[in-house]
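Visitor: sequence and predicted structure are below.
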Amino acid sequence: METTSQRNPAARGNRGWINGFIGVLIFSGSLPATRLAVLEFDPVFLTVARASIAALLGLCLLRLFKQQRPTRSQWAPLLVVALGVVIGFPLLTALALQYVTSAHSIVFIGLLPLATALFGVLRGGERPRPVFWLFSLLGSLLVVGYALSQGLNAAPAGDLLMLLAVLVCGLGYAEGAKLSRTLGGWQVICWALAVSLPVVLPSAVILAPTSFSGISLPAWLSLGYVSLFSMLIGFVFWYRGLAQGGIAAVGQLQLLQPFFGLALAATLLHEQVSVGMLAVTVAVLACVAGAKKFAR
């Protein structure tokens, strides 16, 4: 029997935007939490530890709800998702946050909607209207322009790592959203985590610190957040939203992430958020409205 959302594309699209928005809210805490964690955890260990914790939880969910194994054709896309969002993005951002503040790195997240939309066209077969690309490019140029105005010479390694992180994440988002149409939103991230488990779990054991006695409570809480929320729960909503509302369209919600992230960085980490940062964020937010209108 068809559901209401299946019979009504508009209702399905609205649910996609709601799920996507929840996912963005959850992801907004990722970089500030990672910034706190890498102050006391090695970034490579943090990457494999968060993936291992999330993967074990994901396997429990798959077993609890008796999910069928993916088909042979679905394993390759799951590997792309694992390399992009389970390992690639967390590792590259953790490495970048050794050179730049979370407030600075969050600005680069403004490039994610464009990257996601591009891969949505290449991998998801979507065809947004030409005006959509104008708004997406404008938002991305605002973000890049701000980064250049801050002087990339101060930390070129950190900015390069963030740009690479955006690319692999955009690919992982688009591939996962496409796969969610047949496999299911939460199933995609759980199976992608399961694919990575044979690599990340042994690595976490090998790279674990000799002693955890000096690790503070904020660092442990940050590890818990990026493991449970950033690596698992956020993707449940995010992939469902992308599949329901369209990769390119709902992907523009990521332009809200810098705003929420900058607020968290200022509140939790007491990092300075300049007037320039806020101005860029407001201008980028204006672009998401235009991109949303012409996404289809």
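Guide: Thanks, I have it.
Visitor: for the stretch 151-296 of the chain, which spans come out with low pLDDT?
Guide: 151-154, 296 (pLDDT under 70).
Visitor: ranges for the helices of it?
Guide: Using DSSP state H, counting those that start in this stretch, the helices of the stretch 151-296 of the chain run over 156-183, 185-207, 217-225, 234-245, 247-251, 257-268, 275-293.
Visitor: again, but for the stretch 1-150 of the chain
Guide: Going by DSSP H, counting those that start in this stretch, the stretch 1-150 of the chain shows helices at 4-7, 9-27, 30-37, 43-64, 72-81, 89-96, 102-108, 112-124, 130-149.
Visitor: so which of the helices of the stretch 151-296 of the chain is nearest residue 128?
Guide: Nearest to residue 128 among these is helix 247-251 (4.8 Å), distances taken as C-beta to C-beta. For glycine as for every other residue, the C-beta is placed from the backbone atoms N, C-alpha and C.
Visitor: what count of nearby residues applies to residue 234?
Guide: The local packing of residue 234 (other C-beta atoms under 10 Å) involves 22 other residues.
Visitor: list the contacts for it?
Guide: 23, 26, 27, 30 (C-beta atoms under 8 Å, 6 or more residues apart in numbering).
Visitor: surely residue 129 and residue 295 touch.
Guide: Yes - when contacts are counted by C-beta atoms under 8 Å, residue 129 is listed as touching residue 295 (7.4 Å).
Visitor: just the helices of the stretch 1-150 of the chain: most buried one?
Guide: A comparison of these by mean neighbour count, using mean count of other C-beta atoms under 10 Å, puts helix 30-37 on top with a mean of 27.
Visitor: so what's the residue count around residue 68?
Guide: Neighbours of residue 68 (other C-beta under 10 Å): 8.
Visitor: kindly format the C-alpha coordinates of stretch 272-291 as PDB.
Guide: The C-alpha trace of stretch 272-291 is given here as PDB (Å, rounded to 0.1, in the frame of the first residue of the first chain):
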ATOM      1  CA  GLN A 272      36.400  34.600  18.800                       C
ATOM      2  CA  VAL A 273      33.800  34.900  16.100                       C
ATOM      3  CA  SER A 274      34.500  38.000  14.100                       C
ATOM      4  CA  VAL A 275      32.000  40.300  12.400                       C
ATOM      5  CA  GLY A 276      33.400  39.100   9.100                       C
ATOM      6  CA  MET A 277      32.500  35.500   9.900                       C
ATOM      7  CA  LEU A 278      28.900  36.500  10.800                       C
ATOM      8  CA  ALA A 279      28.600  38.700   7.700                       C
ATOM      9  CA  VAL A 280      29.700  35.800   5.500                       C
ATOM     10  CA  THR A 281      27.300  33.400   7.300                       C
ATOM     11  CA  VAL A 282      24.300  35.700   6.800                       C
ATOM     12  CA  ALA A 283      25.200  36.200   3.100                       C
ATOM     13  CA  VAL A 284      25.500  32.500   2.600                       C
ATOM     14  CA  LEU A 285      22.200  31.900   4.300                       C
ATOM     15  CA  ALA A 286      20.600  34.200   1.800                       C
ATOM     16  CA  CYS A 287      22.000  31.900  -1.000                       C
ATOM     17  CA  VAL A 288      20.300  28.800   0.400                       C
ATOM     18  CA  ALA A 289      16.900  30.400   0.000                       C
ATOM     19  CA  GLY A 290      17.600  31.100  -3.700                       C
ATOM     20  CA  ALA A 291      19.100  27.700  -4.300                       C
END
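Visitor: which other residues reach that stretch?
Guide: So stretch 272-291 is in contact with 103, 107, 110, 113, 131-132, 134-136, 138-139, 142-143, 145-146, 149, 249, 252-253, 255-256, 258-259, 262-263, 265-266, going by C-beta under 8 Å, 6+ apart.
Visitor: how about stretch 41-50?
Guide: Outside stretch 41-50, the residues that reach it (C-beta under 8 Å, 6+ apart) are 34, 37-38, 87, 90-91, 94-95, 97-98, 199-201, 203-204, 207-209, 215, 219, 223, 226-227, 230-231.
Visitor: narrow the residues you listed to those that are buried.
Guide: Buried members of the contacts of stretch 41-50, counted by 16 or more other C-beta atoms under 10 Å: 34, 37-38, 87, 90-91, 94-95, 97, 199-201, 203-204, 219, 223, 226-227, 230-231.
Visitor: go through the helices of the stretch 1-150 of the chain and name the closest to residue 190.
Guide: helix 43-64 (3.5 Å).
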